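Chemist: Any chance you can model this:
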Amino acid sequence: MELKIEKIDEVLEALLFVSGDSLKISDICEQLELQKSEVTAAVKRLQKKFGGKSGIHLLSFNGQLQLASNPDYADIIACVLNPIKEKALSTPAMETLSIIAYRQPVTRLEVEHIRGVNCDYALQALLKNNLIEIVGRKDTLGKPLLFGTTDVFLKRFAIEDLSQLPGRDELLEKIREIEESAPSEEEETLYNFADNAENPDFLEGEDVVMIEGDETVEGDPNSEAAATDGND
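Modeler: Numbers count the residues shown, from 1 in each chain. Sure, this is the predicted structure:
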């Protein structure tokens with residue numbers, strides 16, 4: 001379908017509005033028979049239109065486009081629409097997300113080695129919020145799961161791709177700013193790891209190694225830690 005240049009902005013705006021979800025720039029170019037440079041130029045114009053104090057912002061991330069509400073008006077929108085609010089991430093979850101963002105793809109044990117504590121429930125919280133995902137398995141003993149960030153992570157922190165990640169301290173501060181409030185005492189309890197707690201669903205079938213201070217407690221004789229101890 002051929003589109004006149006002067007109508008690109010209006011058509012792109014309509015497409016994103018009706019879609020409600022993200023659209024790939026490559027798909028838009030293909031269907032409208034446009035060059036990527038033409039769509040990119042239209043995006044820049046629309047970002048000027050939908051920016052600043054505008055109630056709508058145009059997000060560009062990972063080769064995709066999406067219209068979203070201005071975060072400055074989040075509280076007002078919440079009062080009117082009464083949506084189901086996302087729970088604030090706990091401090092352990094924020095720290096875990098930061099590590100995954102800069103070290104991905106990374107295994108659970110690698111994250112725990114950096115943090116020095118068990119990360120099972122922090123990982124579960126991040127998975128539920130679709131900020132991270134399982135991206136494969138590491139080609140090593142036990143084939144542990146590898147975790148990486150998602151497109152939702154890019155959208156939430158308003159960056160186009162991982163090359164635009166800020167410094168680690170800046171990212172942690174940005175995470176704190178995005179969360180409307182600290183988790184309640186009840187919510188904090190959800191992230192505390194109990195010694196007798198069952199494995200979360202996403203770790204079903206995985207070896208579990210609990211870290212207590214400087215000591216490692218073997219949860220499975222076939223775990224990576226157990227295998228390493230056996231080879232000493």
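
Chemist: for the protein, what spans make up the helices?
Modeler: With DSSP state H as the criterion, the chain has helices at 8-19, 25-32, 36-49, 74-81, 91-103, 108-115, 120-128, 151-156, 168-178, 185-191, 224-231.

Chemist: quick one: the fifth one to helix 120-128, angle?
Modeler: In other words, helix 91-103. Helix 91-103 runs at 70 degrees relative to helix 120-128, counting by axes from the mean of the first three to the mean of the last three Cα atoms, to 10 degrees.

Chemist: per-residue confidence averaged over helix 91-103?
Modeler: Across helix 91-103, pLDDT averages out at 88.

Chemist: Over to the longest one?
Modeler: Over the span of helix 36-49, the pLDDT mean works out to 91.

Chemist: that older thread, relative to F61, which of the helices of the chain is closest?
Modeler: Closest to F61 of the helices of the chain is helix 151-156 (Cβ to Cβ; 4.0 Å). For every residue, glycine as well, the C-beta is placed using N, CA and C.

Chemist: other SSEs contacting the closest one?
Modeler: Helices and strands touching helix 151-156, by 3 or more Cβ pairs under 8 Å, 6 or more residues apart in numbering; DSSP states H and E, are strand 56-61, strand 64-69.

Chemist: Take these and lay them out in TSV including distance to C79.
Modeler: TSV is the format used below for those (distance: least, Cβ to Cβ, whole Å):
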stretch	distance to C79
strand 56-61	18
strand 64-69	13
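
Chemist: can you list these in a markdown table and add mean neighbour count?
Modeler: Below are those laid out as a markdown table (neighbours: other Cβ atoms under 10 Å):
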| stretch | mean neighbour count |
| --- | --- |
| strand 56-61 | 19 |
| strand 64-69 | 18 |
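
Chemist: Looking at those, which is nearest to T150?
Modeler: Here strand 56-61 is closest among the helices and strands packed on helix 151-156 (Cβ to Cβ), at 10.4 Å.

Chemist: That closest one: partners in the sheet, and parallel or antiparallel?
Modeler: Strand 56-61 has its sheet partners listed here by DSSP bridges as strand 64-69 (antiparallel).

Chemist: about what we covered before: ranked by average pLDDT, which of the helices of the chain falls at the bottom?
Modeler: Least confidently modelled of these is helix 185-191, at a mean of 40 by mean pLDDT.

Chemist: As a markdown table, the helices and strands packed on helix 151-156 with mean pLDDT and distance to V117 would be great.
Modeler: A markdown table is the format used below for the helices and strands packed on helix 151-156 (pLDDT from 0 to 100; distance: least, Cβ to Cβ, whole Å):
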| stretch | mean pLDDT | distance to V117 |
| --- | --- | --- |
| strand 56-61 | 89 | 31 |
| strand 64-69 | 90 | 34 |
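
Chemist: coming back round to it: quick one: closest of the helices of the chain to K143.
Modeler: Closest approach to K143 among the helices of the chain is made by helix 224-231 (10.0 Å; Cβ to Cβ).

Chemist: related to what we said a few turns ago, for the helices and strands packed on helix 151-156, which one sits closest to I132?
Modeler: strand 56-61 (15.6 Å).

Chemist: CA atoms only: put the closest one into CSV for me.
Modeler: Output of strand 56-61 as CSV, limited to C-alpha atoms (Å, rounded to 0.1, in the frame of the first residue of the first chain):
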residue,chain,number,x,y,z
ILE,A,56,0.3,11.2,25.4
HIS,A,57,3.9,10.3,24.8
LEU,A,58,5.4,8.3,21.8
LEU,A,59,7.8,5.6,23.0
SER,A,60,10.5,4.2,20.8
PHE,A,61,12.2,1.0,22.0
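
Chemist: Tell me what angle that strand forms with helix 25-32.
Modeler: Orientation check (the same axes, to 10 degrees): strand 56-61 against helix 25-32 gives 110 degrees.
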